[in-house]
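Trainee: mind looking at a prediction? Sequence and model below.
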Amino acid sequence: MSTKRSRVPELQRQLLMAGIKHHNGRLRLSKGSAETLAATYAALLSLQRKKLIEPEKPADPSMMTWKVTKAGKAAVAEKHSRR
């Protein structure tokens, strides 16, 4: 029986690390930059589907905000421990 590893692609891992380093574990992206930073936005949506980040209602309606979940923090810690 093969086991399926839950690997996080490099861009997503970097986004998680940035969120963890940021005050209160938050990631922010301007709604206007979702088009110009399509790969970054797609990576954020993928992280959200994997439940590694969760969306928040931002104070500023022109910003999108996510919080890194415990699972997201564990995914980054797991990557560091394997190195």
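Mentor: In hand now; what should we look at? Numbers count the residues shown, from 1 in each chain.
Trainee: list the contacts of the most centrally placed residue in the chain.
Mentor: Nearest to the geometric centre of the chain sits L16, at 4.4 Å (C-alpha atoms, centre = their mean). Shown in contact with L16 (C-beta atoms under 8 Å, 6 or more residues apart in numbering): V8, L47, L52, I53, V68, G72, K73, A75, V76. Where C-beta positions appear, they are placed from N, C-alpha and C, glycine not excepted.
Trainee: which of those residues fall within helices?
Mentor: Per DSSP state H, helices hold the following members of those: L47, G72, K73, A75, V76.
Trainee: can you lay out those as CSV showing pLDDT, neighbour count and distance to R26?
Mentor: Compiled in CSV, the ones in helices among the contacts of L16 are given as follows (pLDDT from 0 to 100; neighbours: other C-beta atoms under 10 Å; distance: C-beta to C-beta, whole Å):
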residue, pLDDT, neighbour count, distance to R26
L47, 96, 27, 13
G72, 93, 28, 12
K73, 91, 16, 13
A75, 89, 20, 17
V76, 86, 20, 15
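Trainee: next, give me the two most distant ones among these.
Mentor: L47 and K73 (12.1 Å; C-beta to C-beta).
Trainee: okay, strands next: where are they in the chain?
Mentor: Under the criterion DSSP state E, strands of the chain are mapped to 26-30, 53-56, 63-68.
Trainee: what angle do the last one and strand 26-30 make?
Mentor: Regarding strand 63-68 and strand 26-30, their directions subtend 160 degrees when assessed with axes from the mean of the first three to the mean of the last three C-alpha atoms, to 10 degrees.
Trainee: re earlier: wait, which of the contacts of L16 is closest to K31?
Mentor: Nearest member of the contacts of L16 to K31, counting by C-beta to C-beta, is I53, at 16.6 Å.
Trainee: tally of neighbours for that closest one?
Mentor: By the criterion of other C-beta atoms under 10 Å, I53 has 26 neighbours.
Trainee: unless I'm mixing things up, it is touching V68, no?
Mentor: Yes: with contact defined as C-beta atoms under 8 Å, I53 reaches V68; the gap is 5.5 Å.
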